[in-house]
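Q: quick one: sequence and predicted model below, then my questions.
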Amino acid sequence: IPGDKHRPRVTGLCPLGSRELLLADEENRSLKRFSLQGDFRGAVPVHGDAAPCSVAAVGSRVAYTAGSRLYLAEQDGTLIWQKALRPTQASHAVTPAAEGGEAVAVSVAGHMEVYDARGELVEKIFPDGHDHLAMVFVASRCGRYVASDWHRRSLVAFDGHGHLLVELGEERLERCQPGAVCIDDRGHFYVVLRELSKVMVFGPGGETLGPFLTPRHGIQRARVATVTGDGHFAMALSDGTVHVFRIQCPSQ
């Protein structure tokens, strides 16, 4: 977009309402709004010229991480609060809390921390009772979290109490390290297999529903992805482009 000084590096992506996407462009230190048709709708100012990494719309507000800090802001950029996170990983994934409301969940040192609208830490979630997961990508919907665990090269789904619901090892992921993850309103979850330029879709219980996107869809070097409330799947590639697809039931 006009004003960018560098090629975009989209490291975060989330729906903003039902008809927009919010992108975290780490390279240009900006949060950008686009329609699903690709029209630029403006920017959400970033606090202190930080370089945003992960982003999530939480109610009418925007949560994002930059370095080892978590921010919550209004859509006009007004800062509500910020929190320092334990600097134990290169980046922290942020998502709305699975239980809904205005709480924010963020991955920190192998577990999830949940902050309320006032910025108070209200819960720590340890999936399956341990904290040695490396949750690089996290999504939430339908009362559950789904995360890519790079420690065990697996995909894990767990509820707001940390009870493990599904774990898919790399043998279920075509021997690939899982990339970006997201969930739709039916509880189906999608995982990017970056090495194969493919997106697989699984049912709520972990059953394989097949490939959703393949190399023929032009998704080489996928970075992050999200699902909108009206049934669109959006994916940002390493070249800074964003591709939007309409979701159809795999059985159709």
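A: Sure thing, it's come through. Residues are numbered from 1 along each chain as shown.

Q: and the closest residue to Leu23 other than its chain neighbours, what helix or strand is that in?
A: Beyond its immediate neighbours in the sequence, the residue positioned closest to Leu23 (Cβ to Cβ, 6 or more residues apart in numbering) is Lys32, lying 4.7 Å away. Bear in mind the C-beta positions are built from the backbone N, C-alpha and C, glycine included. For Lys32, the host element (DSSP states H and E) is strand 30-35.

Q: packing partners for the very next helix or strand once past that strand?
A: Downstream of strand 30-35, the next assigned helix or strand under DSSP H and E is strand 40-44. Judged by 3 or more Cβ pairs under 8 Å, 6 or more residues apart in numbering; DSSP states H and E, the packing partners of strand 40-44 are strand 30-35.

Q: chain center to the strand it packs on: distance?
A: Distance of strand 30-35 from the chain centroid (Cα atoms, centre = their mean, to the nearest Å) equals 15 Å.

Q: still on that earlier bit, residues contacting the residue nearest to Leu23?
A: Counting by Cβ atoms under 8 Å, 6 or more residues apart in numbering, Lys32 makes contact with 1, 22-23, 25, 40, 42-44.

Q: where in the stretch 151-252 of the chain is pLDDT low?
A: Flagging of the stretch 151-252 of the chain using pLDDT under 70 yields the residue ranges 249-252.

Q: could you list the alpha-carbon positions for stretch 185-198 in CSV?
A: Provided in CSV are the C-alpha atoms of stretch 185-198 (Å, rounded to 0.1, in the frame of the first residue of the first chain):
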residue,chain,number,x,y,z
ASP,A,185,-17.9,-22.5,13.1
ARG,A,186,-18.5,-26.2,12.6
GLY,A,187,-15.5,-27.0,14.8
HIS,A,188,-13.4,-28.2,11.8
PHE,A,189,-9.8,-27.2,12.1
TYR,A,190,-7.4,-26.4,9.3
VAL,A,191,-3.6,-26.8,9.4
VAL,A,192,-1.0,-25.5,6.9
LEU,A,193,1.6,-28.0,5.8
ARG,A,194,4.0,-25.5,4.5
GLU,A,195,6.5,-28.0,3.2
LEU,A,196,3.9,-29.5,0.9
SER,A,197,2.1,-26.3,0.0
LYS,A,198,-1.1,-27.9,1.3
